[in-house]
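Undergrad: Give me the fold of what follows.
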Amino acid sequence: MMFDVNYLAVLITAVVAFIASGAWYAVFGNAMVRLQKEWRAAEIPEKPDPWKMLGFFVSGLVTAFALAILIGLINISGWLGAAGLGVLLWIGFAATQWLGSILGEDVPLRLAAIHAGDWLIKLVLMAVLLGVWR
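TA: Take a look at the predicted model:
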């Protein structure tokens, strides 16, 4: 089965997800830093290094590209099916990874919830944008 990836949609989706994630951590960042300090008992920088921000963007770009391929493979179009796919991927992958971190690494539940919420928003937003803009 052949399909075309809309590279402009992938790039813009990655930018939108990066901005949405920034907004999420603008709201929950202080709580996240406090929880990390309590958990690790170490000094946590208030802002990530610029190279880490680039890494976060590249991660979102790769996720958007993979999601665009998946949406093409299963032929999703429209926001509702795409949103459902985003939620399904979050439950099947992101949420289960955070559960593993909670159980295996003793990551505090509230800290994991902050990160899991970011991924829920990103995956649903990315899926909807890519599902509608094919």
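
Undergrad: And the pLDDT at Lys52?
TA: Looking at Lys52, its pLDDT stands at 90.

Undergrad: nope, Glu43 is what I meant
TA: 68.

Undergrad: Next: Arg134.
TA: On the pLDDT scale, Arg134 gets 79.

Undergrad: my read: it touches Gly72, true?
TA: Yes. Judged on Cβ atoms under 8 Å, Arg134 makes contact with Gly72 at a distance of 7.3 Å. Every C-beta, even on glycine, is put in place using the N, C-alpha and C of the backbone.

Undergrad: what residues are shared contacts of these two?
TA: The overlap between the contact sets of Arg134 and Gly72 (Cβ atoms under 8 Å, 6 or more residues apart in numbering) is empty.

Undergrad: Sketch out the low-pLDDT regions of the chain for me.
TA: Applying pLDDT under 70 to the chain flags the ranges 1-3, 41-46.

Undergrad: Centre-most residue in it?
TA: Trp119 (3.4 Å; Cα atoms, centre = their mean).

Undergrad: In contact with that one, which residues are there?
TA: Trp90, Ala94, Ala95, Trp98.

Undergrad: Buried residues in the helix or strand that contains it, which are they?
TA: Using DSSP states H and E, Trp119 maps to helix 109-132. Neighbour-count burial for helix 109-132, counted by 16 or more other Cβ atoms under 10 Å, picks out 111-132.

Undergrad: Stretch 5-23 now?
TA: Buried positions in stretch 5-23, judged by neighbour count with 16+ other Cβ under 10 Å: Ala9, Val10, Thr13, Ala14, Val16, Ala17, Phe18, Ala20, Ser21.

Undergrad: Next, the angle from the longest helix seen in the chain to helix 109-132.
TA: Scanning the chain for the helix with the most residues, using DSSP state H, yields helix 7-40. Taking axes from the mean of the first three to the mean of the last three Cα atoms, to 10 degrees, one finds helix 7-40 and helix 109-132 inclined to each other by 180 degrees.
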